[in-house]
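[1] Structure of the sequence below:
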Amino acid sequence: MSRLGFHCHALDDFDEVILSNELLRGEFYNFLPDSIGDLSRRIERHNLAASIHAPLVRIPWYPTPPTLSFLCDVDQERRRLSLAMVEETMKTAAAFGAEYVVVHFPVSPTTSVNGLGYAQLRSIAWDSARRLAEYSQRYRVPIHMEGFGPSPFLAVDFLNEVIRSFPCLRYCFDTGHMHIASQRDGFDLYRFAEGLAPNIGSVHLWNNRSIDDYFKFGHIPVHPVQKPEDGWVSIERILRIIVPNNPGCRVILESGNHYPVSLGAHNVRDGVQWVRELTAPLF
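    Numbering: from 1, shown residues only. Coordinates of the predicted model:
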């Protein structure tokens, strides 16, 4: 089974990002409720492997954008809201036949933490990790935690401790967000990847040179023209650190299907082929 896939959040993109790139895997996110039946049929017709980025089905009562996560919030009602969204996604994932579900955790608190020390904040984050593990075990679908900072818990020691305590949880290493975090928080991106590598279940691939790129262009597709000496993440180096240490790792291209014209208008398919060639000898 192929371990390389593409992120997809609309039926209109299904053919272009998955089938046209001859991929056998997709990661699906935030679909309209009335499109899920068609999505399931397409996945079955093309014999695709599937994972989910929470939520799979667009939830009318959840805040916009649905990537928001409150799992490290002091506010109990906000945490309850995120946990309810995750549980609803897990129910769907079990019926959907998903290999795993990606959930944003740890994350930045959206409410004030004034007056609370590290130990109290850690207790909140740990409780959310415990709840994620309960959902994973209840619905028999692994959860991959994708860190999104700034957060004191976006740290190798904390994440490895969580995964040792709750083996049904793994880490989703997002190259773009982790690059921004490393620049903001002053850690070495590649040492971070090395420290987590055995506990990484999946990788999200997209690129940037800084948070300014993210604000201007969003998730820039990876491409061989992106040189580390110009500030880009070394995609090859990240893959060589993570995949040999964890050959079960899934690699998901998490970007749009068009390269920003102002950055060169490169062909996204060339980037997919490049990643395919990089990963082939590693898997």
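
[2] Could you use CA atoms for every contact and neighbour count after this?
    Will do.

[3] residues making contact with stretch 204-224?
    The contact list for stretch 204-224 (Cα atoms under 8 Å, 6 or more residues apart in numbering) reads 172-176, 179-180, 183, 230-233, 235, 251-260, 266, 268, 270-272, 274.

[4] Endpoint to endpoint, it covers what distance?
    16 Å (Cα to Cα, to the nearest Å).

[5] What are the boundaries of the helices in the stretch 1-150 of the chain?
    Assigned by DSSP state H, counting those that start in this stretch, the helices in the stretch 1-150 of the chain fall at 11-14, 36-45, 76-96, 118-139.

[6] Could you export these as a markdown table, including mean neighbour count, mean pLDDT and distance to residue 51?
    Converted to a markdown table, the helices of the stretch 1-150 of the chain look like this (neighbours: other Cα atoms under 10 Å; pLDDT from 0 to 100; distance: least, Cα to Cα, whole Å):
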| stretch | mean neighbour count | mean pLDDT | distance to residue 51 |
| --- | --- | --- | --- |
| helix 11-14 | 14 | 93 | 14 |
| helix 36-45 | 13 | 95 | 11 |
| helix 76-96 | 18 | 95 | 8 |
| helix 118-139 | 17 | 97 | 14 |
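
[7] okay, these in TSV with distance to residue 157 next?
    Listed next are these as TSV, based on distance: least, Cα to Cα, whole Å:
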stretch	distance to residue 157
helix 11-14	38
helix 36-45	37
helix 76-96	23
helix 118-139	13
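
[8] Which one, of the ones you listed, ends up nearest to residue 278?
    Using Cα to Cα as the measure, helix 11-14 is the one of these that comes nearest residue 278, at 23.6 Å.

[9] Can you name every helix or strand that the closest one contacts?
    Contacting helix 11-14 under the criterion 3 or more Cα pairs under 8 Å, 6 or more residues apart in numbering; DSSP states H and E is no other helix or strand.

[10] what's in contact with it?
    With Cα under 8 Å, 6+ apart, helix 11-14 has contacts from 8, 35, 39.

[11] next one: it to chain centre, how far?
    19 Å (Cα atoms, centre = their mean, to the nearest Å).

[12] who's in contact with the residue lying farthest from the centre of the chain?
    Relative to the mean C-alpha coordinate of the chain, counting by Cα atoms, centre = their mean, the farthest residue is residue 115 (31.5 Å). Applying Cα under 8 Å, 6+ apart to residue 115 gives no contacts.

[13] can you check residue 199 too?
    160, 163, 170, 171, 246.

[14] circling back to that earlier point, sort out which one of the contacts of helix 11-14 lies nearest residue 149 for me.
    residue 8 (23.5 Å).

[15] which one is the closest one nearest to, not counting chain neighbours?
    residue 28 (5.0 Å; Cα to Cα, 6 or more residues apart in numbering).

[16] and that neighbour, what are its bridge partners?
    Beta-bridge partners of residue 28, counted by DSSP bridges, are residue 8, residue 52.
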